[in-house]
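Student: Sharing a sequence plus its predicted fold:
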Amino acid sequence: MPSVQDQIALAVLNRNNHFESMQRCFDASKDATKAITFKVRAARIEETFRKFEETISTIQALNLKADAADQVDCSQTIVAGEDLYYNIKAHMSSLNEHNQAPPVVTGAATVQNPQPKIRLPTLSVPLFNGDVASFPPWRSLYEQLIHNNQDLSDIEKFSYLKSYVQDSAAHCIEHIPFVAANYPLAYQSLLTRFSKKRILANAYLAKVLTFQPLLSDNVKLLRNFLDIFHVNVESIKGLKIQDLGEFILLQLGLRALDDKTRLEFETSNVQVNFPTFNSLVKFVQKKCAILELTNDQSASNNKSRVVTNHLTSTSTSSPSSRNKTSTRSLPSFTCSVCNSGEHRIASCPKFLRMDTPQRYNQVKALKLCFACLSSTHAKSECHSTYQCRVCRSTNHHSLLHSPETGTTASVGASTSRVSNTAGRQHQPTSSFAGLLPTSSPCVANTKPGNLSIQSQPTHQVLLGTATIEIQDAFGQWNTIQCLIDAGSQISVISHRLAQLLKLPIQSSRIEVSGVGADQPLRAKGELVCHVRPHPDTNKVLSQPISLRVVILPKIAGDLSPRVSPEVLNQFGNLQLADLSYKNPYRGNLNIDLLIGAEYYGQLMDLSSSMIVGSPSAIPTVFGWLLIGRAAVESSSEKCHSFFITEDPLATQLQKFWETEEVPNYQPQDPEALACEEQFLQTHERDPSEAILNSRPICPLSSSPNDGVNYLTPGHFLIGGPLVARPEIDMREEPMSHLRRWQLITQVVQCFWTRWSKDYLQTLISRSKWTKPSEKLKVGDVVLVQGSTLPSQKWPLGVVTKVLPGPNNEGRVVCVRTAHGELVRPASKLAVLPV
């Protein structure tokens with residue numbers, strides 16, 4: 001036998017079914033098109049209401065047997081069910097009275113035929129979704145049809161109200177119990193939330209302020225202007241704000257403030273319907289005074305930093321760009337190092353004669369920026385994009401680079417610090433030689449050196465690095481280091497690798513921020529690339545993995561330290577994804593690709609299980625990733641070297657130019673390499689030093705996607721086309737609306753001036769009477785000259801009729817333009833050759 005709780009649940013289910021049946025019958029009574037359906041349902045309303053009452057009685061009887069927590073309150077349901085039943089009965093009675101035949105009139109009474117009544121379309125209340133601007137018209141129609149209708153009960157009005165709202169408006173009343181007594185509370189909740197004058201006025205004003213300027217004077221755009229401006233301005237006036245100008249000034253001021261300040265102001269004026277602009281000004285002044293008192297110490301520290309002798313924009317520039325004169329006017333200054341010249345610290349002879357540790361101490365004593373040597377800001381606030389010319393790092397200036405370590409020199413270091421791989425050099429096998437830099441000394445050492453190898457931490461946390469191949473625009477596969485990071489929402493590629501791949505770049509508005517970042521970093525674009533496992537990992541995919549990545553200036557440095565042999569022996573039977581772990585002569589491998597969480601599941605190898613430990617091994621399609629805390633190689637021994645050497649002068653000059661010049665690797669076209677090999681195998685120079693070849697070296701293709709290079713003078717000079725230096729990206733430079741409008745107008749006017757002078761004059765030239773000229777005919781497209789209009793404003797038209805003169809020559813024609821039909825002589829028309 002079922003328990004009391006189960007019997008109550010079954011009775012509640014039956015009660016709800018009977019109630020919904022009466023509700024559907026009541027809804028049909030409101031729709032004239034469902035009159036027949038209503039009559040059929042109303043015929044059984046007595047039986048439905050009887051079963052509804054029996055179910056209520058059953059629930060009340062079971063409540064006496066059940067615990068207090070299991071009892072069901074039926075008072076509200078009884079009231080709602082009775083309202084539905086009596087409303088249905090009342091509507092059925094009105095229909096019966098209307099359908100009864102009129103009484104028979106005897107005698108001399110006059111019978112008048114009733115006039116037919118015009119049936120108007122049924123008005124329906126639209127759905128309100130919480131848009132403040134659409135609340136006033138919705139409220140007017142709802143109150144006229146539902147709220148002020150005396151024939152509807154409160155429970156019916158409440159039912160209509162719930163059916164006519166959605167989204168945020170529905171959330172406003174969904175917590176109110178559905179009973180007749182709560183209808184005024186529900187409707188008042190909507191009025192309180194969506195009928196505030198200031199919120200409405202702010203919504204109307206926002207549409208006006210965000211309206212985009214028109215680009216032309218066509219009818220569609222002008223109508224759109226009227227729809228936005230005229231309607232919203234009239235709506236603002238209809239709110240009858242006491243001081244409209246004060247309100248507009250206040251909203252303009254609030255739009256210029258930050259979110260935090262705006263929230264604080266609204267909180268302090270929560271009881272005021274329309275705050276004034278003066279109150280906003282006083283609030284900002286008060287906050288400024290508070291911030292000045294709380295930040296007095298930090299402000300005094302910032303004031304102690306004065307501009308001394310350098311510009312951050314040229315601190316790390318190339319030698320050719322150092323000679324350029326700044327166009328910005330700067331006050332007179334003296335060098336803070338030598339105190340005897342108006343030059344930058346980077347050009348100070350005294351500063352250049354110092355060794356790296358002394359320069360580091362000098363920069364620290366002067367409180368300069370370690371990246372650009374500027375005194376106006378600290379390193380954490382530096383926005384310079386220049387890099388160290390040796391190691392390509394943005395953390396220090398080129399003059400602060402330590403040749404042995406590739407990092408900033410330590411303070412007071414008597415000996416040079418080198419990594420565990422000091423003295424070992426390895427040239428990467430990838431075709432991107434510039435992508436995997438190696439550390440090499442730049443100046444020959446002619447004195448015996450005291451080399452100290454300091455111990456590194458014995459443990460380090462490994463990240464999921466892998467050695468993979470990436471495809472460039474020419475179809476070549478190149479080896480790079482990548483990082484697989486499941487905690488990143490996006491995938492990232494370094495700007496240097498993106499330039500070397502030469503893949504098409506699309507614009508992007510993504511802003512990237514990380515832990516502790518003061519402000520987000522704007523991406524330089526995005527591209528689609530294809531990657532695959534490195535051949536040495538013995539991993540094969542059916543097809544490469546396609547990645548959509550955003551471009552950032554830099555991702556990370558070398559994240560693959562030399563792990564201890566014990567760790568390598570532990571995973572000796574696994575094919576590691578990072579090949580640099582087993583290569584003791586690797587260079588400094590920078591991370592140029594980061595694969596985020598979007599592709600993390602696609603990279604996992606489900607055929608193997610993860611090995612948990614220190615570190616853990618995770619199977620992927622690129623091989624096994626080592627992630628976690630692991631032991632790394634360290635050495636604390638001190639070595640003395642008395643080897644003395646001096647490189648030839650040519651070698652020293654070669655290393656000097658390698659240090660000063662930025663490596664510029666350009667991927668080579670495989671077809672060009674094949675042509676060069678073909679040429680070397682099949683051609684030779686004759687005694688007259690001439691090489692003749694009248695046939696193409698390779699088959700020509702008409703497809704622009706085949707990458708065919710045309711022969712240029714640059715091929716005879718350097719063996720390839722001349723490639724200009726990349727221009728500075730000016731897309732992110734700010735430009736005012738007035739400046740942009742002036743620039744566009746200037747380009748348009750220059751085009752039309754050249755068009756009217758160089759081309760239009762050839763269309764209206766007249767030949768002598770001795771030579772017959774081409775006659776105008778119907779269908780010719782012409783430009784109609786105007787004496788008061790410039791040539792770029794001449795209307796375009798089509799000849800519809802030729803009017804012959806006394807000699808049957810057509811000298812006058814009818815022209816149809818966009819503004820009507822005109823009659824013009826042929827001498828005032830310019831025929832377009834279309």
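Tutor: Alright, I've got the coordinates. Numbers count the residues shown, from 1 in each chain.
Student: Any chance you could give me stretch 674-682 in PDB, C-alpha atoms only?
Tutor: Extracted in PDB, the C-alpha atoms of stretch 674-682 (Å, rounded to 0.1, in the frame of the first residue of the first chain):
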ATOM      1  CA  ALA A 674      64.500  23.900 -56.900                       C
ATOM      2  CA  CYS A 675      65.200  26.400 -59.700                       C
ATOM      3  CA  GLU A 676      68.600  27.300 -58.300                       C
ATOM      4  CA  GLU A 677      69.500  23.600 -58.000                       C
ATOM      5  CA  GLN A 678      68.300  23.000 -61.600                       C
ATOM      6  CA  PHE A 679      70.400  25.900 -62.800                       C
ATOM      7  CA  LEU A 680      73.500  24.700 -61.100                       C
ATOM      8  CA  GLN A 681      73.100  21.200 -62.500                       C
ATOM      9  CA  THR A 682      72.300  22.100 -66.100                       C
END
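Student: buried set for it?
Tutor: Going by neighbour count (16 or more other C-beta atoms under 10 Å), nothing in stretch 674-682 comes out as buried. C-beta here means a position set from N, CA and C on the backbone, and glycine is covered the same way.
Student: Could you tell me how far that stretch lies from the centre of the chain?
Tutor: 48 Å (C-alpha atoms, centre = their mean, to the nearest Å).
Student: what's the answer for stretch 354-374, then?
Tutor: 38 Å.
Student: ok, residues contacting stretch 716-735?
Tutor: Contact with stretch 716-735 is made by 499, 507, 522, 524, 666, 672, 676, 709, 712, 713, 714, 715, as judged by C-beta atoms under 8 Å, 6 or more residues apart in numbering.
Student: how many other residues sit next to residue 335?
Tutor: 20 (other C-beta atoms under 10 Å).
Student: That one: what secondary structure?
Tutor: coil (DSSP: H, G, I helix; E, B strand; the rest coil).
Student: from what I can see it touches residue 348, true?
Tutor: Yes: taking C-beta atoms under 8 Å as the definition, residue 335 is a contact partner of residue 348 at 5.1 Å.
Student: Can you give me the domain boundaries for the chain?
Tutor: 4-95, 124-195, 459-631, 773-834 (automatic domain parsing).
Student: Residue 614: which element?
Tutor: Under DSSP states H and E, no helix or strand contains residue 614.
Student: backbone phi and psi for the closest residue to it other than its chain neighbours, please?
Tutor: Spatial nearest neighbour of residue 614, chain neighbours left out: residue 629 (5.0 Å); criterion: C-beta to C-beta, 6 or more residues apart in numbering. When read as degrees, to the nearest 10, the backbone of residue 629 gives phi -70, psi 130.
Student: which residues sit in contact with residue 629?
Tutor: By C-beta under 8 Å, 6+ apart, the residues touching residue 629 are 459, 460, 461, 462, 614, 615.
Student: dump the residue contacts of residue 681.
Tutor: Residue 681 touches nothing, counting by C-beta under 8 Å, 6+ apart.
Student: Looks to me like it is in a helix.
Tutor: Yes: with three-state DSSP as the criterion, residue 681 is located in a helix.
Student: Distance of it relative to residue 719?
Tutor: Residue 681 is 17 Å from residue 719, where distance means C-beta to C-beta, to the nearest Å.
Student: Doesn't residue 352 lie inside a helix?
Tutor: Yes: read with three-state DSSP, residue 352 is one of the residues of a helix.
Student: Just confirm it contacts residue 399, I think it does.
Tutor: Yes: counting by C-beta under 8 Å, residue 352 does reach residue 399; the two are 7.4 Å apart.
Student: can you pull the pLDDT of residue 741?
Tutor: pLDDT for residue 741: 93.
Student: count of residues packed around it?
Tutor: 11.
Student: Look up phi and psi at it.
Tutor: On the backbone of residue 741 - angles per degrees, to the nearest 10 - the values are phi -60, psi -40.
Student: same check, this time on residue 604
Tutor: Dihedral angles of residue 604 (phi, psi; degrees, to the nearest 10) stand at phi -70, psi 140.
Student: residues contacting it?
Tutor: By C-beta under 8 Å, 6+ apart, residue 604 lies in contact with 618, 619, 620, 621.
Student: What of residue 803?
Tutor: Residue 803 neighbours (C-beta under 8 Å, 6+ apart): 810, 811, 812, 813, 814, 823.
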